[in-house]
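Asks: have a look at this prediction, sequence included:
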Amino acid sequence: DINEALVMMAAADKIRRACNSIGGRLFKAQKFAGDLKEAARARGYSDAEIDAYLGSKAERAKVRARRNVYFETQGASNLDPQSLCVLGQAEIARKSQIGAFLRAK
């Protein structure tokens, strides 16, 4: 569930960066990230282990790959900003977890 949450955050971040008509709810995302870190601590991971995991290029690549698969299942592409805008608007309208990190400008 923590990894899924990281994928959702990565998806929202990519949409926010690719689409000029969508902004991010950065404070909400920071709070959510802090809650994820607390959940990892509660499962016995140290801050050093968490930071090493989050800083790992290999793990970030895995998250990006899973994010891109999600985009594809939704009819979008990480290489097509317009499709990301459409997806972002749909996520906002659905009030999904991804949509919670986004706002229409």
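Replies: Received it, and whenever you're ready, just let me know what you need.
Asks: show me the strands in this structure, by range?
Replies: With strands called from DSSP state E, the chain shows them at 22-24, 102-104.
Asks: out of the ones you listed, which comes closest to Gln30?
Replies: Closest of these to Gln30 is strand 22-24, at 10.2 Å (criterion: Cβ to Cβ). In this view, the C-beta of every residue, glycine as well, is placed from N, C-alpha and C.
Asks: related to what we said a few turns ago, now the strands of the chain as a markdown table including distance to Lys57 and mean neighbour count?
Replies: Formatted as a markdown table, these follow (distance: least, Cβ to Cβ, whole Å; neighbours: other Cβ atoms under 10 Å):
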| stretch | distance to Lys57 | mean neighbour count |
| --- | --- | --- |
| strand 22-24 | 23 | 17 |
| strand 102-104 | 26 | 17 |
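Asks: rebuild these as a markdown table, extending it with distance to Ile50.
Replies: As requested, those are arranged in a markdown table below (distance: least, Cβ to Cβ, whole Å):
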| stretch | distance to Ile50 |
| --- | --- |
| strand 22-24 | 22 |
| strand 102-104 | 25 |
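Asks: who wins for proximity to Met8 among those?
Replies: Met8 lies closest to strand 102-104 among the strands of the chain, at 10.8 Å (Cβ to Cβ).
Asks: now for the closest one, which elements pack on it?
Replies: Counting contacts by 3 or more Cβ pairs under 8 Å, 6 or more residues apart in numbering; DSSP states H and E, strand 102-104 packs against helix 2-18, strand 22-24, helix 81-94.
Asks: so what does the residue located most distally from the centre of the chain have for phi and psi?
Replies: Residue farthest from the centre of the chain, counting by Cα atoms, centre = their mean, is Gly44 at 23.5 Å. The phi/psi pair for Gly44 (degrees, to the nearest 10) reads phi 100, psi 0.
Asks: about what we covered before: tell me which of the strands of the chain sits nearest to Glu91.
Replies: Shortest distance between Glu91 and these, using Cβ to Cβ, is found for strand 102-104: 6.3 Å.
Asks: what sits up against the closest one?
Replies: For strand 102-104, contacts defined as Cβ atoms under 8 Å, 6 or more residues apart in numbering pick out Ala12, Ile15, Arg16, Ser21, Ile22, Gly23, Gly24, Arg25, Gly88, Gln89, Glu91, Ile92.
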